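# Only the shape, not the letters, is given here:
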């Protein structure tokens, strides 16, 4: 029986997928050592992670790259399309709304929202900015499953609560604050300042050492 993929392995699967998608055209097979080198992990970990998918490379031959891409996409839920909404149309929200890579990755923006009356009704790319007050109805009508928060930190908690109450099952929070939602809603925090602080730690350790 195939074992469930541990949560700690999921970020590595996304990394392996990116590496596989970046392979040169015509490269049909890849070894665990090559994939490990491209992903920056050790080959034993690659083989262990891929074994959760029921995928085992052949010694001296490696993995079929196309089949491995399919297996990872299937495990990550990327063989279907996930509708998402973006709340907050500042510089970051605009950049996200204009990002052309969502569709090829399996995501579709179905609405963008802001509470600034000067922004409501304007267009960002192919999307018209809608009022935050319309968010609950739009989420239900367009069956959005993911909410992206790109608001100032003081607005993020209220937006998260609105998204959860409307039926969103997962939230990606770019606001530099922690949001609290019911246990059935998955939350990921993407905080640039936190990532910079981690980098600063590594730089400091290097100079201190």
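On my side now, so go ahead. Values in this document were obtained by computation on a predicted structure and should not be read as measured data.

# What strand or helix carries the residue most central in space within the chain?
Nearest residue to the geometric centre of the chain (Cα atoms, centre = their mean): residue 172, 7.6 Å. Residue 172 is part of strand 170-173 when elements are defined by DSSP states H and E.

# which other helices and strands contact that strand?
strand 146-149, helix 153-166, strand 186-189 (3 or more Cβ pairs under 8 Å, 6 or more residues apart in numbering; DSSP states H and E). C-betas here are computed from N, CA, C, even on glycine.

# Isn't the residue nearest to the centre of the chain up against residue 188?
Yes - in this structure residue 172 lies within contact range of residue 188 using Cβ atoms under 8 Å: 5.2 Å.

# max-length helix in this protein?
Longest helix of the chain, by residue count under DSSP state H: helix 192-208.

# Can you show me the strands along the protein?
Assigned by DSSP state E, the strands in the chain fall at 29-30, 63-64, 82-87, 107-114, 123-124, 127-131, 146-149, 170-173, 186-189.

# about what we covered before: list the strands paired with the strand holding residue 172, with their directions.
If you go by DSSP bridges, strand 170-173 pairs up with strand 146-149 (parallel), strand 186-189 (parallel).

# hang on, the earlier thing: make JSON lines from the strands of the chain and add distance to residue 200 to it.
Shown next, in JSON lines, are the strands of the chain (distance: least, Cβ to Cβ, whole Å):
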{"stretch": "strand 29-30", "distance to residue 200": "35"}
{"stretch": "strand 63-64", "distance to residue 200": "37"}
{"stretch": "strand 82-87", "distance to residue 200": "29"}
{"stretch": "strand 107-114", "distance to residue 200": "31"}
{"stretch": "strand 123-124", "distance to residue 200": "33"}
{"stretch": "strand 127-131", "distance to residue 200": "36"}
{"stretch": "strand 146-149", "distance to residue 200": "25"}
{"stretch": "strand 170-173", "distance to residue 200": "22"}
{"stretch": "strand 186-189", "distance to residue 200": "18"}
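
# for those, which one sits closest to residue 76?
Taking Cβ to Cβ, strand 82-87 is the member of these nearest to residue 76, at 10.5 Å.

# mind listing what's buried in that closest one?
By 16 or more other Cβ atoms under 10 Å, the buried positions in strand 82-87 come out as 82, 83, 84, 85, 86, 87.

# quick one: which of the residues you listed is nearest residue 69?
Out of the buried residues of strand 82-87, the member with the shortest distance to residue 69 (by Cβ to Cβ) is residue 82, at 18.0 Å.
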